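Participant: predicted model and sequence below, questions to follow.
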Amino acid sequence: MSLFNHTLTELHDLLHKKEVSITDLVDESYKRISEVEGKVKAFITLDEENARKQAEVLQGKIGTDEAKGLLFGMPIGIKDNIVTKGLRTTSGSQILHNFDPIYDATVMNKLHEANAITIGKLNMDEFAMGSSTENSSYQKTANPWNLERVPGGSSGGSAAAVAAGEVPFSLGSDTGGSIRQPAAFCGVVGLKPTFGRVSRFGLIAFASSLDQIGPITRSVEDNARLLEAISGVDSLDATSADVPVDSYSEALTGDIKGLKIAVPKEYLGEGVSEDVRQSVLNALKVLEGLGATWEEVSLPHSKYGLATYYLLSSSEASSNLARFDGIRYGYRTENAENLIDLYKKTRAEGFGDEVKRRIMLGTFALSSGYYDAYYKKAQQVRTLIKKDFEDVFENYDVIIGPTTPTPAFKIGENIDDPLTMYANDILTIPVNLAGVPGISVPCGFSDGMPLGLQIIGKHFDEKTVYRTAHAYEQATNFHQQKPTL
Amino acid sequence: MSRISEEQVRHVANLARLAITDEEVEMFTAQLDDIIGFAEQLNELDTTGIKPTSHVLDMKNVLREDKSAPGLPREEVLKNAPDHENGQIRVPAIIE
């Protein structure tokens, strides 16, 4: 049995009873990587030498006062859009193929303080733009449950590595579903926190009003503990929220008696596969059995989420990605005639098609004469979508639906059709637009591929989201099933 | 009827500082037209008087004391620059 089938708390106990060493944990990671990485291709960059050195140093501290905290000595994988000092960070793009960050993201500083060990940097759609990790300019990651299928995206590497047992936990980022959708496709647990819960400092920006970093894990408990470690206000991110960080793990009581669940009819309607629908209805029965009640509600503006999201996120991206100009860091073209030509050729050669497509869409939506019709209009619809959630949360504790309309699709199946690809995120996007937290937990299988249950909470109420997810997880065995590789 | 012309695509590519081939102009014209067409469903909604949301939480200015602090060391800053000389980043001639 893999050591990583243990929870974080169990691994912590094993370490301190000296039944397992930190070197054993790091060995487990790299051994598994050497066995399956050729098939899964979850990592862009490994940091083996440093990880092994760190393991040795930390092992020497076991039994002393310095060996504090649950994450002490724990191996973790990091999505490659989170900057890591001295460890190449590409954001899945050729434009950053040689980028060696000179500082750490705030979440990395927190992980370093907790003495977690970075195993490597995980594959992703270029600049987090995609739902299949096929837009990575490095490699295509495979779904550990079926190597012909996508792992989801954009945090496909982060979800696949955890599902394949290469690391016990990872960090991803979620702008429109990029943690929850791959977590659902790979049969693991992924949470997008409330906007502002986790500092974005050092997260290579895609859409600054939507991006959040969050944990991908094998259990809800691990997820809650990892979020506790990375949350909090940060003077380096002015949009991080000065709201106390709850003890999420203490919320995992298993008790959800009296919990009021809202089930949006839009989330079980057209486009949602029968297996997905059935798995959610079964989950609701389980939750009822635990003392919760549910009612059907409406989020009437759900269907406008996708268009709103693509206009807003692409507009923000077109501005954020202006910094990649070939001057201060990253790729620079070799045949520029003048400065403007240098910008244009650097960007044309350095960015992939999907990134260009979104920069173009965003630039168009923000351009003179179109701003009101597209950008401002989308911001107004965002207000309506946010209000849908506020209205429902006046009477209910959580909103539940599927994470995705279908299980993981085949590699190559949707790559030439942007709109079909975008439709994958139809159930996750409104959550980002409203800024509320959402988790995906395993809730069944369809043709051998995992399905995810999405549980959405009020702003800064990750506690109730985790409590519900944990109670459900403990009452089912989907999370215990592992892919055979 | 197409909502977006090839000329517009070239104009937007120039604004976005993206060199673009004729083939790409053709591809992006068709794809952006589809996406913009899809986005026009937002016009079904009457948003008169609705306040735009740029940020989901109530935001206030975050201020700090204006204190001087050392900047990044020069070698660090230049470490990732594609071209540099004598402690400065080198770029093509800006004024001809």
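Facilitator: Arrived safely.
Participant: mind checking the longest helix of chain B?
Facilitator: helix B:22-39 (DSSP state H).
Participant: where in chain B is pLDDT low?
Facilitator: B:1 (pLDDT under 70).
Participant: what residue is smack in the middle of it?
Facilitator: Residue closest to the mean C-alpha point of chain B, counted by C-alpha atoms, centre = their mean, is B:Ala16 at 6.3 Å.
Participant: quick one, what contacts the residue of the stretch 151-300 of chain A found nearest chain B?
Facilitator: Among the residues of the stretch 151-300 of chain A, A:Ala238 lies nearest to chain B; the distance is 4.4 Å by C-beta to the nearest C-beta. C-beta coordinates here come from the backbone N, C-alpha and C atoms, glycine included. A:Ala238 is in contact with B:Val62, counting by C-beta atoms under 8 Å, 6 or more residues apart in numbering or on different chains.
Participant: same for the longest helix of chain B, what does it pack against?
Facilitator: Where contact means 3 or more C-beta pairs under 8 Å, 6 or more residues apart in numbering or on different chains; DSSP states H and E, helix B:22-39 is packed against helix A:305-320, helix A:353-366, helix A:418-422, helix B:6-15.
Participant: pipe those helices into JSON lines and attach mean neighbour count and distance to A:Ile119 per row.
Facilitator: Shown next, in JSON lines, are the helices and strands packed on helix B:22-39 (neighbours: other C-beta atoms under 10 Å in any protein chain shown; distance: least, C-beta to C-beta, whole Å):
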{"stretch": "helix A:305-320", "mean neighbour count": "24", "distance to A:Ile119": "28"}
{"stretch": "helix A:353-366", "mean neighbour count": "24", "distance to A:Ile119": "27"}
{"stretch": "helix A:418-422", "mean neighbour count": "18", "distance to A:Ile119": "29"}
{"stretch": "helix B:6-15", "mean neighbour count": "17", "distance to A:Ile119": "40"}
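Participant: mind putting those in a markdown table, distance to B:Val25 included?
Facilitator: Shown next, in a markdown table, are the helices and strands packed on helix B:22-39 (distance: least, C-beta to C-beta, whole Å):
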| stretch | distance to B:Val25 |
| --- | --- |
| helix A:305-320 | 18 |
| helix A:353-366 | 10 |
| helix A:418-422 | 17 |
| helix B:6-15 | 5 |
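Participant: and of the ones you listed, who's closest to A:Asn146?
Facilitator: A:Asn146 lies closest to helix A:418-422 among these, at 18.7 Å (C-beta to C-beta).
Participant: stretch A:82-92 near chain B at all?
Facilitator: No. Using C-beta under 8 Å from any C-beta of the partner chain, stretch A:82-92 stays clear of chain B, with a minimum separation of 10.1 Å.
Participant: for that stretch, give me every contacting residue.
Facilitator: Residues outside stretch A:82-92 that contact it (C-beta under 8 Å, 6+ apart): A:44-45, A:47, A:50, A:78, A:80-81, A:96-105, A:107-108, A:118, A:121, A:123-128, A:135-138, A:154, A:171, A:173, A:202-204, A:213.
Participant: near chain B at all, the worst-scoring helix or strand of chain A on mean pLDDT?
Facilitator: When the helices and strands of chain A are compared on mean pLDDT, DSSP states H and E, helix A:418-422 comes out lowest with a mean of 78. Yes. Using C-beta under 8 Å from any C-beta, helix A:418-422 reaches chain B at A:Pro418, A:Leu419.
Participant: right, and the helix or strand after that helix?
Facilitator: For helix A:418-422, the following helix or strand on the C-terminal side (DSSP states H and E) is helix A:429-434.
Participant: any idea how far chain A is from B:Val77?
Facilitator: 8 Å (C-beta to the nearest C-beta, to the nearest Å).
Participant: circling back: out of the contacts of stretch A:82-92, which sit inside helices?
Facilitator: Per DSSP H, the contacts of stretch A:82-92 map to helices at A:Asn50, A:Val107, A:Met108.
Participant: what's the first one in contact with, if anything?
Facilitator: Just to be clear, that refers to A:Asn50. Here A:Asn50 is in contact with A:Leu87, A:Thr118 (C-beta under 8 Å, 6+ apart).
Participant: host element of residue 91?
Facilitator: Since you didn't name a chain, this refers to chain A. With DSSP H and E as criterion, A:Ser91 is part of no helix or strand.
Participant: the intended chain is chain B.
Facilitator: Using DSSP H and E, no helix or strand contains B:Val91.
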